[in-house]
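Undergrad: the following comprises the amino acid sequence and a computationally predicted model.
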Amino acid sequence: MFAKIENEHDIIQIVKRKTNLGNIDNISRTKHYEIFYFDYKEIKWSLLASLVSRNAGWNMCDLEGDRLVKRMSVEYRRTLFSMYERANWLIFNDAYPQLLIYHYSTKYNKPLFHLLRYFRISEFMIDEWQTFWKDRDETRLLYALIINEQNLIQKPIIANTVYHKRIFNSLPYRLQEKLHFNVILFPTLSGKIYGASMKKFQNVHVRIEFGKQLSWILFDSGYLQEFIHFIKKNRSYRISL
């Protein structure tokens, strides 16, 4: 049963608490994105975010694999892990309050998106949520969230001098770029894997177009149910919004 909330201050505090709890690690972030999508399938970005988060988790685990350990210094692997973790933490910290405010807006049947200012959400996204509430354009909101997340990480991650020096200017990273190793994969139970690779990761416009390309594979290629079957088969949890 949905508990009664007396005022907007209570909503703000609950959203802050749930965001902090969900942002403890990459596994938790992936689960929260997935669960939100299955409760609100009109918010397509949440499913895309869950699969991208899965890929980030695989990449982070691979940093401890034998093959990579032999080819990368400890410092490089630690810095790369830090970059993955920081980027995904920042995105969740910004996006999950937006998802929860939509959740409460739906429960109370009134838009509460003005509350997003308490979470330092961009005016761009506040306007997009208000537009979505009126127009229900799922693709427009999906693209807006892709644009928002990529701009969000541009300065603290991509333009960060430490990451720029130790990661983006390094030989292992340049080799990855040359060989198209920046890949996002969507697995299926049949064993078939779909996805795409990207070059020029540091370019925000390239990352935005890549996100749109991934969203097409996910929602418009005809394989959505196969991806969902894979996710549901590998779920062993339930988290309440």
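TA: Right, received. Where do you want to start?
Undergrad: who are the packing partners of whatever helix or strand Phe92 lives in?
TA: Assessed by DSSP states H and E, Phe92 sits inside helix 74-108. Helix 74-108 is packed against helix 8-22, helix 26-39, helix 44-62, helix 123-135, helix 138-153, helix 161-163, with contacts defined by 3 or more C-beta pairs under 8 Å, 6 or more residues apart in numbering; DSSP states H and E. Placement of C-beta: from N, CA and C, glycine included.
Undergrad: show me what contacts the residue sitting nearest the centre point of the chain?
TA: Nearest to the mean C-alpha position of the chain, counting by C-alpha atoms, centre = their mean, stands Ala49 at 3.4 Å. Residues counted as contacts of Ala49 (C-beta atoms under 8 Å, 6 or more residues apart in numbering) are 33, 91, 95, 149.
Undergrad: per-residue confidence averaged over the helix or strand where Lys212 lies?
TA: Assigning secondary structure by DSSP H and E places Lys212 in helix 204-220. Average pLDDT, helix 204-220: 96.
Undergrad: does the residue nearest to Phe168 when sequence neighbours are not counted count as helix, strand or coil?
TA: Sequence neighbours aside, Gln202 is the residue nearest to Phe168 in space, at 5.9 Å (criterion: C-beta to C-beta, 6 or more residues apart in numbering). Three-state call for Gln202 (DSSP: H, G, I helix; E, B strand; the rest coil): coil.
Undergrad: neighbours of Gln202, how many?
TA: Neighbour count of Gln202, defined by other C-beta atoms under 10 Å: 16.
Undergrad: and it, what are its phi and psi?
TA: phi -70, psi -10 (degrees, to the nearest 10).
Undergrad: residues near the spatially closest residue to Phe132 that is not a sequence neighbour, how many?
TA: Closest residue to Phe132 apart from its sequence neighbours, by C-beta to C-beta, 6+ apart: Leu141 at 4.5 Å. Neighbourhood size, Leu141 [other C-beta under 10 Å]: 23.
Undergrad: and stretch 158-168, how far from the chain's centre?
TA: 21 Å (C-alpha atoms, centre = their mean, to the nearest Å).
Undergrad: and it, end to end?
TA: Taking C-alpha to C-alpha, to the nearest Å as the measure, stretch 158-168 stretches 9 Å from start to finish.
Undergrad: in that stretch, what's buried?
TA: 158, 160, 163, 166-168 (16 or more other C-beta atoms under 10 Å).
Undergrad: check stretch 145-160 too.
TA: Judged by neighbour count (16+ other C-beta under 10 Å), stretch 145-160 contains these buried residues: 145-150, 152-153, 157-158, 160.
Undergrad: got it, and stretch 112-132?
TA: 112-113, 115-116, 118-119, 121-122, 125-126, 128-129, 132.
Undergrad: farthest pair within those?
TA: Tyr118 and Phe132 (19.5 Å; C-beta to C-beta).
Undergrad: now do the closest residue in space to Phe119 that isn't next to it in sequence against Leu51, distance only.
TA: Among residues not flanking Phe119 along the chain, Pro97 sits closest, at 4.2 Å (C-beta to C-beta, 6+ apart). Here the criterion is C-beta to C-beta, to the nearest Å. By it, Pro97 lies 21 Å from Leu51.
Undergrad: one step back: just list what the helix holding Lys212 packs against, helices and strands only.
TA: Other elements packing on helix 204-220 under the criterion 3+ C-beta pairs under 8 Å, 6+ apart are helix 44-62, helix 138-153, strand 183-187, strand 193-197.
Undergrad: roughly how far is the third one from the heart of the chain?
TA: Using C-alpha atoms, centre = their mean, the mean C-alpha position of strand 183-187 is found 14 Å from that of the whole chain.
Undergrad: and that strand, what does it pack onto?
TA: Secondary-structure packing of strand 183-187 (3+ C-beta pairs under 8 Å, 6+ apart): helix 44-62, strand 193-197, helix 204-220, helix 224-233.
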